[in-house]
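> Any chance you can model this:
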Amino acid sequence: MVKEGNKAPSFTLPSSEGGEVSLKDFAGRTVVLYFYPKDDTPGCTREACAFRDTQAPLKKAGAVVLGVSPDSVASHEKFRGKYKLNFPLLADTDKAVARKYGAFGEKVLYGKKVTGMIRSTFVIDGEGVVRKVFPRVKVDGHAEKVLEAVKAL
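Below you'll find the model as predicted:
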């Protein structure tokens with residue numbers, strides 16, 4: 001997994017808002033990059049809605065939120081519409097970006113070892129340096145912890 005103090009791996013992914021989004025598009029701004037397993041599932045929905053609900057203070061602190069999962073752009077568009085998500089969701093269908101960040105790999109799900117998306121969040125500063133890593137995220141209270149990390153930059 002990418003560590004705090006590392007340069008954030010660059011990426012370009014298709015966005016639910018149309019076109020493509022690259023990390024370099026946000027030079028000079030703080031980026032909250034969060035990886036999640038699947039659109040419209042209970043934990044992922046709670047996490048996305050929490051980021052939606054903390055969007056105003058995150059924006060005020062100068063941060064942009066980007067959600068990443070292996071789902072398609074069409075799936076992301078439906079998910080965003082259903083829950084009125086106010087930030088882009090990026091389609092990492094081949095999981096290449098998740099792998100670069102260490103957000104795809106072995107995890108334990110319901111007591112079994114499986115390979116899949118590892119719910120993780122990275123706070124990246126305006127210089128492209130990872131300032132805070134939240135590995136193996138527990139959803140409840142997570143968005144507030146991310147907001148505190150952003151405010152501390």
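
> what's stretch 74-87 in contact with?
Contacts of stretch 74-87 with the rest of the structure, by CB atoms under 8 Å, 6 or more residues apart in numbering, involve 16, 39-40, 45, 48-49, 51-52, 55, 64-67, 69, 71, 89-91. (Each C-beta comes from the backbone N, C-alpha and C, glycine too.)

> cutoff 7 Å now
16, 39-40, 45, 48-49, 51-52, 55, 65-67, 89, 91 (CB atoms under 7 Å, 6 or more residues apart in numbering).

> do the same with stretch 52-67
21, 26, 29-34, 36, 48, 51, 83-90, 143-144, 147, 150-151.

> List the buried residues for that stretch?
The neighbour-count check on stretch 52-67 (16 or more other CB atoms under 10 Å) flags Arg52, Thr54, Gln55, Leu58, Ala61, Ala63, Val64, Val65, Leu66, Gly67 as buried.

> With just CA atoms, put it into PDB.
Output of stretch 52-67 as PDB, limited to C-alpha atoms (Å, rounded to 0.1, in the frame of the first residue of the first chain):
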ATOM      1  CA  ARG A  52     -21.700  13.600   0.300                       C
ATOM      2  CA  ASP A  53     -22.800  15.000   3.700                       C
ATOM      3  CA  THR A  54     -19.400  16.300   4.500                       C
ATOM      4  CA  GLN A  55     -18.800  17.800   1.100                       C
ATOM      5  CA  ALA A  56     -19.400  21.500   2.200                       C
ATOM      6  CA  PRO A  57     -16.700  21.500   4.900                       C
ATOM      7  CA  LEU A  58     -14.300  19.500   2.800                       C
ATOM      8  CA  LYS A  59     -14.700  22.000  -0.100                       C
ATOM      9  CA  LYS A  60     -14.300  24.800   2.400                       C
ATOM     10  CA  ALA A  61     -11.000  23.200   3.500                       C
ATOM     11  CA  GLY A  62     -10.000  23.200  -0.200                       C
ATOM     12  CA  ALA A  63     -10.400  19.400  -0.800                       C
ATOM     13  CA  VAL A  64     -12.000  17.500  -3.700                       C
ATOM     14  CA  VAL A  65     -13.500  14.000  -3.200                       C
ATOM     15  CA  LEU A  66     -13.000  11.300  -5.800                       C
ATOM     16  CA  GLY A  67     -14.600   7.800  -5.300                       C
END
